[in-house]
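Asker: Model the following, please.
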Amino acid sequence: MAISPILRAICSATLVLALLVGTRAYAGEDPSFIAFHAGAYDVNDNETAGQFNLEYRSSWDDWYVKPFAGVMATTDAAIYGYGGFMLDIYLGRRFVFTPNVAVGFYSDGDGKDLGSVIEFRSGVELAYRFDNRARLGVAFHHISNASIGDSNPGTETLTLVFSLPLNDLFSD
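Answerer: Predicted coordinates for the structure are as follows:
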């Protein structure tokens, strides 16, 4: 299962929109974040499980692109460690749309076999940004091996995301 054409079109349109509109006016100097995800894994199929992610999102950016890394675990003992890049697109002062891509290593545990140890993730997040820059949003991702494995069933995830600025964790 390759990246869905609809998701690819959304990501392409988003990138073009970001370059045309110039979203930095609302970005300011965003801090690094710790992001917590909770939701459902394999929402498109019959092996649905609970899912939890922990991500570090860097404040470093170049041409609007920021690196991030994380780990995902499911209630079926699957685990996925990944790293990639994201693009924050500010829709006014309060809303942030974030397309992202990542690659990582996957172990299915007692859960869904995705056909390869190496898996790719692509997706989008829409979040509300609070005054302290913390964010609360929803994320949708597709995970697959892009046909590099013997099989490529792929899966989709849907999570609630809370992103906390790191400076809030370590302030006095």
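
Asker: Give the residue spans of this protein that score low on pLDDT.
Answerer: Segments of the chain classed as low confidence (criterion: pLDDT under 70) are 1-28, 168, 170-172.

Asker: Now do the helices in it.
Answerer: Shown for the chain, the helices assigned by DSSP state H span residues 5-21, 24-27, 166-169.

Asker: neighbours of Glu29, just the number please.
Answerer: 7 (other C-beta atoms under 10 Å). No exception for glycine: its C-beta is placed from N, CA and C like everyone else's.

Asker: no no, Phe97
Answerer: With other C-beta under 10 Å as criterion, Phe97 counts 19.

Asker: Tell me if I'm right that it and Arg129 touch.
Answerer: No: look at Phe97 against Arg129 with C-beta atoms under 8 Å: they stay out of range, at 11.0 Å.

Asker: ok, which stretches of this protein are strands?
Answerer: Assigned by DSSP state E, the chain shows strands spanning 33-41, 49-57, 65-74, 79-87, 89-91, 95-107, 118-129, 135-144, 155-165.

Asker: What is the last one packed up against?
Answerer: Contacts defined by 3 or more C-beta pairs under 8 Å, 6 or more residues apart in numbering; DSSP states H and E place strand 155-165 against strand 33-41, strand 49-57, strand 118-129, strand 135-144.

Asker: List the buried residues for the first one?
Answerer: Right, strand 33-41. Residues of strand 33-41 classed as buried: Phe33, Ile34, Ala35, His37, Gly39, Ala40, Tyr41 (neighbour count, 16 or more other C-beta atoms under 10 Å).

Asker: The third one now?
Answerer: Neighbour-count burial for strand 118-129 flags Glu119, Phe120, Arg121, Ser122, Gly123, Val124, Glu125, Leu126, Ala127, Arg129 (criterion: 16+ other C-beta under 10 Å).

Asker: Which of those sits closest to Val103?
Answerer: Phe120 (5.3 Å; C-beta to C-beta).

Asker: Contacts only, for that closest one.
Answerer: Shown in contact with Phe120 (C-beta atoms under 8 Å, 6 or more residues apart in numbering): Ile3, Val101, Ala102, Val103, Ile143, Ser144, Asn145, Ala146.

Asker: The last one is in contact with Gly154, isn't it?
Answerer: Meaning Ala146. No: counting by C-beta under 8 Å, Ala146 stays clear of Gly154, with 9.1 Å between them.

Asker: Now Asn100. Nearest residue, chain neighbours left out?
Answerer: Leaving aside its sequence neighbours, Asn100 sits nearest to Met86 (C-beta to C-beta, 6 or more residues apart in numbering; 3.8 Å).
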